[in-house]
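Chemist: All I have is the shape, not the residue letters:
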């Protein structure tokens, strides 16, 4: 079976600080993973390593069957779609671009359309926009869109290159409940219909929809647990990961949490 | 009994759009209110009116017993503390200020210390920092603090002027679960010990801690419900407000929610 991601004994040092410690993690075909952890737990570093923007201090990494150190990273990156809310500031350069031009530009991994756009590209972008239920945004410029609409346009842009791996880094930040459910509903459609593997990073356990199968729990650069979500999303493991007394209950095929400590003693 | 906030038949037009429609709302002494609603529901407009930064198109507004139109707004504002995560960009000007100087500057409603700081001011700031459990941040500059620490310093700054009304606009945005619980634990302490009225604006129902007594639900510029939280936080009223089938359950004296629609049909 094809490996999507493989990390063997991966560590990452920054100065004397161990950002990641001895990470052993494998993502196989047909698995859809969520990464959970507090700020500073190493979530972003894992993503930076997967996308080849950061090189581990120790250990071996393969992504989509390509072993790092023996592969052409820019070529590999074309197979990885990446949407990050932490890039919101960067995306401001898109202000006056139309929604459909932003989607199409995903083909070229560029901002703005500097290369020749074919009829087929435009058709593919139109299909994607229909699929993402954003065809009504055609002709509208990025700066006139709501935050939820912007996220969907950027997801469209990421899908334009038909990635094998789609990484979403906290796609719900700043969205309200309704816009968040809308993004989650798209995640479901993408997992079912787009034949790509999703790696979904979030703080919020309740965003783990039915179609997401596996969870990686990170704490202070180490793995607390990794595996099928039913085994990983337990009160004990979540409480350890978030350093809070968390209780989880399943409803509507999703995990929902409550916190049980008397909060006056939180510290 | 003293009125903290009173709005009578308040409407706000922007161009032809009714941002707020016929708002009748009263906050009385010893009530601690939460405002809930989707983006665009009018939450920020309500805050802008309360702080006198926006004037209603129609209706009457009183805050802390002062009737707008007959009062000195800059004087009134000194009695209102305001912390907003939407001002994060603005607060970047604080970068090289120390935590304690930022807290002290709240006395003068200024950024930076342009006025004489007395011994008593420094002592009050120290007491506040102890109260907020941020005394260990003394001497550290703003740009070296975590997001949660920054929020706490800004809350300290708002409390420095001993406000009668403390407004927090989405103070948990961008924080992880642990940092959010830490802020909520401070809210509890502030409500119990600081003798000020809190107005707490959020998207997240689970942030309504035991000490917050009342809830205002807003939808498209209108009030869905306003009153004691036990009466307002029902499945029906929350589902109408958020346009999602929300179920609420109470645990640990806090409301926790789950969403019940099959999300594939979310739109």
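Modeler: Ah, there it is. Predicted model, so just to flag it, every value in this text is computed and none were measured.

Chemist: okay, now whichever residue of the stretch 101-250 of chain A sits closest to chain B: neighbour count?
Modeler: Minimum separation of the stretch 101-250 of chain A from chain B (Cβ to the nearest Cβ) falls at residue A:185, amounting to 4.1 Å. In short, each C-beta sits where N, CA and C put it, glycine included. Neighbours of residue A:185 under the rule other Cβ atoms under 10 Å in any protein chain shown: 19.

Chemist: tell me the mean pLDDT over the helix or strand hosting it?
Modeler: Per DSSP states H and E: residue A:185 is located in helix A:177-193. What helix A:177-193 shows for mean pLDDT is 94.

Chemist: Downstream of that helix, the next helix or strand is which one?
Modeler: Following helix A:177-193 toward the C-terminus (DSSP H and E): strand A:197-202.

Chemist: Can you tell me the strand partners of that following strand and which way each runs?
Modeler: strand A:33-36 (parallel), strand A:165-169 (parallel) (DSSP bridges).

Chemist: Following the first one in sequence, what is the next regular element?
Modeler: Same thing as strand A:33-36. helix A:43-50.

Chemist: coming back round to it: angle of the helix holding residue A:185 against strand A:165-169?
Modeler: Per axes from the mean of the first three to the mean of the last three Cα atoms, to 10 degrees, the angle that helix A:177-193 makes with strand A:165-169 is 170 degrees.

Chemist: doesn't residue A:261 fall inside a helix?
Modeler: No: counting by DSSP: H, G, I helix; E, B strand; the rest coil, residue A:261 is not part of a helix but coil.

Chemist: these two touch, right, it and residue A:242?
Modeler: No: counting by Cβ atoms under 8 Å, residue A:242 is not a contact partner of residue A:261; they are 11.2 Å apart.

Chemist: Between those two, which has more neighbouring residues?
Modeler: Using other Cβ under 10 Å as the criterion, residue A:261 and residue A:242 rank with residue A:242 on top: 24 against 14.

Chemist: picking up where we left off before, I'd like the strands paired with strand A:197-202 as TSV, with mean neighbour count and mean pLDDT appended.
Modeler: Conversion of the strands paired with strand A:197-202 to TSV gives the following (neighbours: other Cβ atoms under 10 Å in any protein chain shown; pLDDT from 0 to 100):
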stretch	mean neighbour count	mean pLDDT
strand A:33-36	24	98
strand A:165-169	22	95
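
Chemist: so which of the ones you listed comes closest to residue B:230?
Modeler: Residue B:230 lies closest to strand A:33-36 among the strands paired with strand A:197-202, at 32.1 Å (Cβ to Cβ).

Chemist: which residues touch that closest one?
Modeler: Residues outside strand A:33-36 that contact it (Cβ atoms under 8 Å, 6 or more residues apart in numbering or on different chains): A:27, A:43, A:46-47, A:197-203, A:205, A:207-208, A:212-218, A:229, A:238, A:241.

Chemist: Report the buried members of these.
Modeler: A:27, A:43, A:46-47, A:197-203, A:205, A:207-208, A:212-218, A:229, A:238, A:241 (16 or more other Cβ atoms under 10 Å in any protein chain shown).

Chemist: just the strands in chain A please.
Modeler: Using DSSP state E, the strands of chain A run over A:3-14, A:17-28, A:33-36, A:58-63, A:66-67, A:80-84, A:165-169, A:197-202, A:214-219, A:222-228, A:246-251, A:254-259.

Chemist: Could you tell me which strands the first one is paired with, and in which direction each runs?
Modeler: Spelled out, that is strand A:3-14. Assessed with DSSP bridges, strand A:3-14 is paired to strand A:17-28 (antiparallel), strand A:58-63 (antiparallel).

Chemist: Distance from it to the middle of the chain?
Modeler: 17 Å (Cα atoms, centre = their mean, to the nearest Å).

Chemist: Kindly report the same for the second one.
Modeler: In terms of Cα atoms, centre = their mean, the centre of strand A:17-28 is set 17 Å apart from its chain centre.

Chemist: what angle do that strand and strand A:214-219 make?
Modeler: 170 degrees.

Chemist: buried ones in strand A:17-28?
Modeler: In strand A:17-28, counting by 16+ other Cβ under 10 Å, buried: A:18, A:19, A:20, A:21, A:23, A:25, A:27.

Chemist: show me the contacts for the fourth one.
Modeler: Right, residue A:21. So, once contact is read as Cβ under 8 Å, 6+ apart, residue A:21 ends up touching A:11, A:221, A:222.

Chemist: Recalculate using a threshold of 10 Å.
Modeler: Shown in contact with residue A:21 (Cβ atoms under 10 Å, 6 or more residues apart in numbering or on different chains): A:9, A:10, A:11, A:12, A:13, A:42, A:58, A:220, A:221, A:222, A:223.
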